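In: Fold the following and give me the result.
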Amino acid sequence: ATIFDNPALLKRYPGYLQELRDKPEAERRAAFGDWDVYEGQAFPEWRKEKHVIEPFDIPPTWVKRGGVDFGTSAPWAAYFYAEDPSVIDDHDPTLRRVYVFAEFYAKGTDAQVQAKLLQSFCSRQQNLFAIQLPPDMEVKSSVNRGVSPADVYRRYLTPLGIAVRIGVRSGKNHRAHRKDLLHRFLSIAPDGRPWLQVFNTCRTLIGQIPALPVSPLRPDDVDTHAEDHGYDALTHALD
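Out: Residues are numbered from 1 along each chain as shown. Here you go, the predicted model:
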């Protein structure tokens with residue numbers, strides 16, 4: 001329920017609505033029915049009504065890219081976005097309008113299963129240029145005769161003309177960079193809409209972003225004990 005579900009109260013106290021609007025943001029949003037708000041939220045600027053949209057047909061000329069967070073027993077996540085070339089930031093070359101249009105999220109898969117799924121998906125896409133993997137996917141596996149998960153991805157995706165790239169940065173500083181990057185993409189572009197918009201079919205990501213708390217030890221990072229696999233995959237893609 002929101003304050004608007006109590007018209008009798010508003011009629012009796014006409015100034016109450018303005019009082020609520022003047023309260024601190026978390027309190028104000030809760031009063032207006034946004035129950036994704038809580039203390040210690042990593043991305044309080046997230047607004048479902050602004051960042052989540054209905055799917056549409058992506059123009060065939062738009063460039064597409066993807067990112068992965070690797071896991072086998074832990075969840076594996078992959079996200080893909082398309083760039084709208086008409087909305088860019090003249091002062092920050094990092095920022096451009098992106099639409100997250102596809103998600104993969106699963107437990108109990110290995111690199112080969114994942115790569116096959118992505119191969120099937122990517123083969124149906126136009127202008128999908130690259131997919132970004134985290135550095136730990138380059139680690140060779142003694143179980144798989146010295147083959148890394150990244151090697152497996154390359155075997156299935158490079159024949160499609162897709163560049164399989166490894167993130168060159170890792171560690172605490174890069175985690176802070178990726179959190180800052182998502183803050184910037186969640187901000188509002190000059191046309192009044194966020195730089196980043198998510199198709200409502202990407203349900204896991206839509207649930208994870210507002211649920212992510214700040215790390216109790218590092219305020220410039222998310223809490224890595226939380227469910228952050230979708231966040232990791234998305235920020236690898238955007239980086």
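
In: use CA for all of it now, contacts and neighbours both
Out: Fine.

In: longest strand anywhere in this protein?
Out: The residue-count maximum for a strand in the chain (DSSP state E) belongs to strand 76-88.

In: tell me the mean pLDDT over the helix or strand just after that one?
Out: As assigned by DSSP states H and E, the chain's next helix or strand after strand 76-88 is strand 96-106. Averaging pLDDT along strand 96-106 yields 97.

In: Quick check: buried residues in strand 96-106?
Out: Within strand 96-106, the residues that count as buried by 16 or more other CA atoms under 10 Å are 96, 97, 98, 99, 100, 101, 102, 103, 104, 105.

In: so what secondary structure elements neighbour that strand?
Out: Strand 96-106 sits against strand 76-88, strand 196-199, with contacts defined as 3 or more CA pairs under 8 Å, 6 or more residues apart in numbering; DSSP states H and E.

In: Strands of this protein, start to end?
Out: 52-53, 64-69, 76-88, 96-106, 128-133, 163-166, 196-199.

In: name the helices or strands packed onto the top helix by length along the chain?
Out: Determined from DSSP state H, the single longest helix within the chain is helix 172-186. Secondary-structure packing of helix 172-186 (3+ CA pairs under 8 Å, 6+ apart): helix 229-238.

In: ok, residues contacting the helix it packs on?
Out: For helix 229-238, contacts defined as CA atoms under 8 Å, 6 or more residues apart in numbering pick out 65-69, 75-80, 105, 131-134, 167, 178-179, 181-182, 204-205, 208-209.

In: coming back round to it: give me whichever of the strands of the chain is most buried.
Out: The highest mean neighbour count among those, using mean count of other CA atoms under 10 Å, belongs to strand 64-69: a mean of 25.

In: And it, how far out from the chain middle?
Out: Centroid displacement of strand 64-69 relative to its chain, using CA atoms, centre = their mean, to the nearest Å, is 10 Å.

In: That one pairs with which strands, parallel or anti?
Out: Paired neighbours of strand 64-69 in the sheet (DSSP bridges): strand 76-88 (antiparallel), strand 128-133 (parallel).

In: With residue 214 as the reference, name the closest of the ones you listed.
Out: Ranking the strands paired with strand 64-69 by proximity to residue 214 (CA to CA) places strand 76-88 first, at 20.5 Å.

In: my read: residue 165 touches residue 130, true?
Out: Yes - if you go by CA atoms under 8 Å, residue 165 and residue 130 touch, sitting 7.0 Å apart.

In: I figured residue 110 hits residue 72, correct?
Out: Yes - Residue 110 lies in contact with residue 72 (CA under 8 Å); the separation is 5.3 Å.

In: Can you work out which residues contact both of the two?
Out: With the criterion set as CA under 8 Å, 6+ apart, the contacts of residue 110 and residue 72 do not overlap.

In: Not counting the longest helix of the chain itself, show me its contacts.
Out: By CA under 8 Å, 6+ apart, helix 172-186 touches 43, 45-46, 51, 95, 194-196, 220-222, 235-236, 238-239.

In: roughly how far out does it sit from the chain middle?
Out: The chain centre lies 11 Å from the centre of helix 172-186; the measure is CA atoms, centre = their mean.

In: so where is the protein shaky, pLDDT-wise?
Out: Scanning the chain for pLDDT under 70 picks out 1-4, 17, 20-39, 142-144, 168-173.

In: Now do the same contact list for residue 216.
Out: Residue 216 is in contact with residue 223, counting by CA under 8 Å, 6+ apart.

In: measure it to residue 87 for me?
Out: The spacing between residue 216 and residue 87, counted by CA to CA, to the nearest Å, is 36 Å.

In: What of residue 223?
Out: Going from residue 223 to residue 87 by CA to CA gives 32 Å.

In: again, but for residue 191
Out: Taking CA to CA, one finds residue 191 at 8 Å from residue 87.
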